[in-house]
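Chemist: Provided below are the primary sequence and the corresponding predicted coordinates.
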Amino acid sequence: MKSITIKGSKRESVGKVATKALRNAGMVPCVIYGGDKLVHFSSEELAFAKLVYTPKVYTATIIVDGEKIPTILKDIQFHPVTDKIIHADFYQLFDDKEITMRIPVNLIGTSPGVLNGGSLRFTHRKLKVKALPSNLPDFVNADISALKIGNKLLVGSLKTEGYTFVQSDNTVVVQVRTSRNAIVDDEAEGDASEAAV
């Protein structure tokens with residue numbers, strides 16, 4: 001999984017007055033937990049853009065006073081009116097300790113059911129994955145090329161490499177539902193998929 005680097009400065013004071021002063025200066029107060037001790041730091045709000053405003057998922061390497069700390073973003077708070085980032089929580093990663101993350105699902109292939117007028121329902125756009133940091137995938141591939149009208153793709157049928165799913169095997173990732181103009185005939189679906197090829 002790709003990582004984004006965020007440079008920060010240690011916070012000497014973590015009280016309300018100091019926190020408010022940081023925000024007024026365009027800085028975001030943050031904390032890293034999961035290690036031997038909490039690490040309080042602050043960073044410019046712009047440094048979070050690639051990590052927060054994207055459908056992709058990244059790990060974050062936090063550099064505080066020259067020390068590199070591998071982390072993942074666990075929680076982020078926004079101002080209710082301005083939508084500015086007002087606080088961020090990070091969790092420290094360790095090479096030998098598994099972590100759970102929500103990973104985006106990438107649909108591959110073309111569904112014969114959709115070609116015949118069926119409606120594709122993408123139920124789970126992200127799935128919870130458990131793995132060592134080095135095995136975290138950028139995305140989970142879900143092949144829909146065999147889905148006809150009425151078919152579902154379940155978590156249990158997805159391939160995994162070095163990671164496991166936290167959700168039940170029966171969780172529906174994507175399904176093709178019938179619609180008014182749908183053709184439910186198997187032969188028609190076969191013809192449609194051949195035509196697409």
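Modeler: Thanks, I have it.
Chemist: CA atoms for contacts and neighbours, from now on please.
Modeler: OK.
Chemist: what about the nearest residue to residue 125 once chain neighbours are set aside, which helix or strand?
Modeler: Leaving out its chain neighbours, the residue that sits closest to residue 125 by CA to CA, 6 or more residues apart in numbering is residue 105, at 5.3 Å. In the assignment (DSSP states H and E), residue 105 maps to strand 99-108.
Chemist: got the buried residues for the longest strand seen in the chain?
Modeler: Counting by DSSP state E, the longest strand found in the chain is strand 67-78. Buried residues in strand 67-78, counted by 16 or more other CA atoms under 10 Å: 69-73.
Chemist: now the strands: where do they sit in this structure?
Modeler: 3-10, 27-33, 39-44, 59-64, 67-78, 85-92, 99-108, 119-122, 126-131, 140-143, 152-154, 164-165, 172-177.
Chemist: On the pLDDT front, check residue 184 for me.
Modeler: Note on residue 184: pLDDT of 57.
Chemist: Is it correct that residue 45 is in contact with residue 24?
Modeler: No: the pair formed by residue 45 and residue 24 falls short of the contact definition of CA atoms under 8 Å, at 11.3 Å.
Chemist: who's more crowded, the two?
Modeler: Neighbours per residue (other CA atoms under 10 Å) separate residue 45 from residue 24, with residue 45 holding more: 16 against 10.
Chemist: Can you give me every residue that contacts the more buried one?
Modeler: Shown here is residue 45, whose contacts under the criterion CA atoms under 8 Å, 6 or more residues apart in numbering are 26-28, 85.
Chemist: Give the buried residues for stretch 18-26.
Modeler: By 16+ other CA under 10 Å, the buried positions in stretch 18-26 come out as 19, 22-23, 26.
Chemist: one step back: could you dump the strands of the chain to a markdown table with mean pLDDT and distance to residue 53?
Modeler: Shown next, in a markdown table, are these (pLDDT from 0 to 100; distance: least, CA to CA, whole Å):
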| stretch | mean pLDDT | distance to residue 53 |
| --- | --- | --- |
| strand 3-10 | 92 | 13 |
| strand 27-33 | 93 | 16 |
| strand 39-44 | 93 | 15 |
| strand 59-64 | 95 | 14 |
| strand 67-78 | 94 | 12 |
| strand 85-92 | 94 | 11 |
| strand 99-108 | 94 | 14 |
| strand 119-122 | 92 | 21 |
| strand 126-131 | 95 | 16 |
| strand 140-143 | 94 | 20 |
| strand 152-154 | 95 | 29 |
| strand 164-165 | 95 | 25 |
| strand 172-177 | 94 | 24 |
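Chemist: Thank you, goodbye.
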